[in-house]
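Undergrad: Take this sequence and fold it.
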Amino acid sequence: MKKLFCLFAAAFMLTCVLCGCSKIKGKPDSSSGVSVPAETTLAPEGKAFFGKWEAYKALVYGEVYENEYAGFPISAVARLEVFEDNTAVFRDALNKRGKEVVYNYNWTLDEKSDTLHLVNRDDKLDCVIEQGQMIITYADYDDGTKMYLTRVNEFSDTTASTEAGLDKLDFSAYEKKWEAVEVKNGEEVFTETLGEYPVNAAFQLEIKPDNTAVMNIIGEPQTYEWEAESKDQLYMWSGYEGFAVTLKDGELMLDDENGMVLRMKRVDKFTEYDFEAANELIPDDENIILNPEEEPTT
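TA: Residues are numbered from 1 along each chain as shown. Model prediction:
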């Protein structure tokens, strides 16, 4: 969750693919576990922090947001639940369909400053309570960002509504293997190669019956979840990144609703391509696009 308000890092990665570069440097999944030591005993001294908290205001780069942030309801910015066993769960719902991204933390309490420190392998957050509200700041990254949370009994529902009866429809026609035949990125259209790579090898997707999908992006697998939004459309997402998925005339269309559209055809077997060999032929100065020294901040 490093730099919470740097949205859509995954979409940034996909766009960078179109520049024709090599290896993708993946970021560790913040929700995959906590690697810091944690106390296992109950800590009644942290009782004031226990329970559910939800954002009602945010301060970002000097601007105050009270109703919405980047087109999302302000409640989607931060949802924190603190437990007695020295763990906490932070959620945000800054996906276009309101799908939550979940981050697990351990916490310790600094009794001198009455500050709750949240720590996982990627992030450190500081939480204080002032006049009944919780204020969260980055502990190791000071850009002036503050999240203001209020105590709630239940978190707000920000997920987009779907049509009734979708569980009774058959979506097996989507549950196949697919390869790209066309990639649109804004005004640019690619049908043969994408930078150094064949288009059909650059994006390969398998949609599975268990509501998961795997898309190989320049040889790197990315796992998604999917669900039906209507009788004619699925939504496939991973964190902040998502695609509206439709099937028309035997072709699959993936639209990230941010300028990128993939047109894909069904295949029985994926086209094989040696990305490692191809990557060795790309000049090192091009690698920086997909392997930046720092993650994007805008």
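Undergrad: And the pLDDT for Thr297?
TA: On the pLDDT scale, Thr297 is placed at 42.
Undergrad: let me fix that: Gly195
TA: On the pLDDT scale, Gly195 gets 85.
Undergrad: Where does pLDDT dip in this protein?
TA: Low-confidence segments of the chain (pLDDT under 70): 1-44, 159-164, 280-298.
Undergrad: Centre-most residue in it?
TA: Closest to where the C-alpha atoms of the chain average out (C-alpha atoms, centre = their mean) is Gly239, at 2.1 Å.
Undergrad: so the nearest residue to it once chain neighbours are set aside bridges to which residues?
TA: Among residues not flanking Gly239 along the chain, Val101 sits closest, at 5.0 Å (C-beta to C-beta, 6 or more residues apart in numbering). From N, CA and C alone the C-beta is placed, and that goes for glycine too. On the basis of DSSP bridges, Val101 is bridged to Asp92.
Undergrad: Please tell me I have it right and Val101 contacts Ser238.
TA: No. Using C-beta atoms under 8 Å, Val101 is not in contact with Ser238, being 9.3 Å away.
Undergrad: So what touches the host helix or strand of Leu59?
TA: Counting by DSSP states H and E, the element that carries Leu59 is strand 51-60. Applying C-beta atoms under 8 Å, 6 or more residues apart in numbering, the contact partners of strand 51-60 are 5, 64-66, 69, 74-82, 134, 144-156.
Undergrad: same thing but 6 Å
TA: 5, 65-66, 69, 74-75, 77-81, 134, 145-152, 155 (C-beta atoms under 6 Å, 6 or more residues apart in numbering).
Undergrad: Filter those down to the buried ones.
TA: Neighbour-count burial (16 or more other C-beta atoms under 10 Å) applied to the contacts of strand 51-60 gives 5, 65, 69, 74-75, 77-81, 134, 145, 147-149, 155.
Undergrad: from the residues you listed, which ones fall inside strands?
TA: Among these, the members found in strands (DSSP state E) are 65, 69, 79-81, 134, 147-149.
Undergrad: From Lys269, how far off is the residue nearest to Lys146 when sequence neighbours are not counted?
TA: Nearest residue to Lys146 in three dimensions, chain neighbours excluded: Leu59, at 4.3 Å (C-beta to C-beta, 6+ apart). Distance from Leu59 to Lys269, counting by C-beta to C-beta, to the nearest Å: 52 Å.
Undergrad: Between the two, which has more neighbouring residues?
TA: Set Leu59 next to Lys269 and count neighbours by other C-beta atoms under 10 Å: Leu59 wins out with 15 against 7.
Undergrad: okay, now the domains of the protein?
TA: For the chain, automatic domain parsing gives the domain ranges 49-160, 166-287.
Undergrad: hmm, back to that, could you dump the ones in strands among the buried ones among the contacts of strand 51-60 to CSV with distance to Phe190?
TA: Putting those into CSV (distance: C-beta to C-beta, whole Å) gives the following:
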residue, distance to Phe190
Tyr65, 37
Tyr69, 33
Arg79, 39
Leu80, 42
Glu81, 44
Met134, 47
Met147, 40
Tyr148, 44
Leu149, 44
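Undergrad: So which residues of the stretch 151-298 of the chain form helices?
TA: Ranges of helices in the stretch 151-298 of the chain, per DSSP state H, counting those that start in this stretch, are 199-202, 275-279, 284-287.
Undergrad: Run through the neighbouring helices and strands of the second one.
TA: This points to helix 275-279. With contacts taken as 3 or more C-beta pairs under 6 Å, 6 or more residues apart in numbering; DSSP states H and E, helix 275-279 sits against no other helix or strand.
Undergrad: Flag every buried residue along that helix.
TA: 275, 278-279.
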